[in-house]
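Peer 1: Please find the sequence and the predicted model below.
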Amino acid sequence: MLKFDSFYFQCPHCQAWLEGRNLKAELVNEAILYSDGKVLNDNLITTPQKMIMCPSCGHIFWVENPVEPLITYDKPDAEVYSWNTWRFFGISFSDNKGKLALINHYKTFLKKSHYDPRKEIYLRRFLWWAYNDLHRNHQHVRLRYWLNGFMSFGVWHCNRKLILEGEKIFIKHYKEFTDNLKRLMALLEKHPEEQIDLELPEIYRELRQFDKAKELLEQVGSRTHFTNEMLRHSKWKDARVFMVSG
Ligand SMILES: [Zn+2]
């Protein structure tokens, strides 16, 4: 069964056709949610990619409101660049080199130009998630995870090596990681309409400001599994991104 609905749009510079994908709404509930707000479905991010680098001419452009006539749902009678050729700028994430390449893309975009606050928030949020990708699923390094039988020893061992290596790279870039988070936090405080659920307490937690994170979480009216988990991790003084549900 196809998990996505395809749509098509053109590069404004060279008019090449690109295929986009929207996750089918009924599958959103099957997704994995992480504490930083990233949602994955079958290992694919569900948040639409708004900044695109054309795989044909390298032109960078934004697709912010994918509505007709800019976007069509009928396959055009022309050659189409598939989604894999441009999503995340064509990067493969099978190793940490790919994850670092994505970080560098966002850093370059942010250095190259000034963006309006909404766009800067978008880029800094994706940069944050890209840093976290280096050690996302850290709980999988535990022997218990292999013993639970989710994967073979070979796969678990390989995956463990990748995450531990990613954690080292994350620590090496920690200053850049916190600089980006501080800037993102300042932007979100100025533009609360752009905040996603529990994003601010999570930023405080990842910046190791656990008391501030707890204070904000305790103000949340209705307690959910998400708020309880974040409170627990704040109390443990654990600043690493974690899986909330999946
Ligand atoms: Zn182009």
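Peer 2: Looks like it came in fine. Numbers count the residues shown, from 1 in each chain.

Peer 1: Only C-alpha atoms from now on, for both contacts and neighbour counts.
Peer 2: Will do.

Peer 1: can you count the residues close to residue 5?
Peer 2: 12 (other C-alpha atoms under 10 Å).

Peer 1: Please look at residue 57 and residue 14 and confirm they touch.
Peer 2: Yes: Residue 57 is in contact with residue 14 according to C-alpha atoms under 8 Å; the separation is 6.7 Å.

Peer 1: Run through who's touching the longest helix along the chain.
Peer 2: As assigned by DSSP state H, the longest helix anywhere in the chain is helix 153-172. For helix 153-172, the external contacting residues (C-alpha atoms under 8 Å, 6 or more residues apart in numbering) are 95, 96, 131, 132, 134, 135, 136, 137, 138, 140, 141, 146.

Peer 1: distance of the second one from the ion?
Peer 2: Between residue 96 and the ion the computed distance is 28 Å (C-alpha to the ion, to the nearest Å).

Peer 1: number of nearby residues for that residue?
Peer 2: The number of residues near residue 96, taken as other C-alpha under 10 Å, comes to 19.

Peer 1: Same question for the first one.
Peer 2: Neighbouring residues of residue 95 were enumerated by other C-alpha under 10 Å; the total is 14.

Peer 1: any idea how far the closest residue to it other than its chain neighbours is from the ion?
Peer 2: Computed as C-alpha to C-alpha, 6 or more residues apart in numbering, the closest residue to residue 95 that is not its neighbour in sequence is residue 162, at 7.0 Å. Plainly put, residue 162 is 34 Å away from the ion if you go by C-alpha to the ion.

Peer 1: and residue 128, what does it touch?
Peer 2: Listed by C-alpha under 8 Å, 6+ apart, the contact set of residue 128 reads 177, 180, 181.

Peer 1: Which stretches in the chain count as strands?
Peer 2: 4-10, 17-23, 32-34, 39-41, 44-45, 51-53, 60-62, 71-72, 80-81, 243-245 (DSSP state E).

Peer 1: The fifth one: how far from the chain's middle?
Peer 2: The reference is to strand 44-45. Once both centres are worked out by C-alpha atoms, centre = their mean, to the nearest Å, strand 44-45 turns out to sit 8 Å from its chain's centre.
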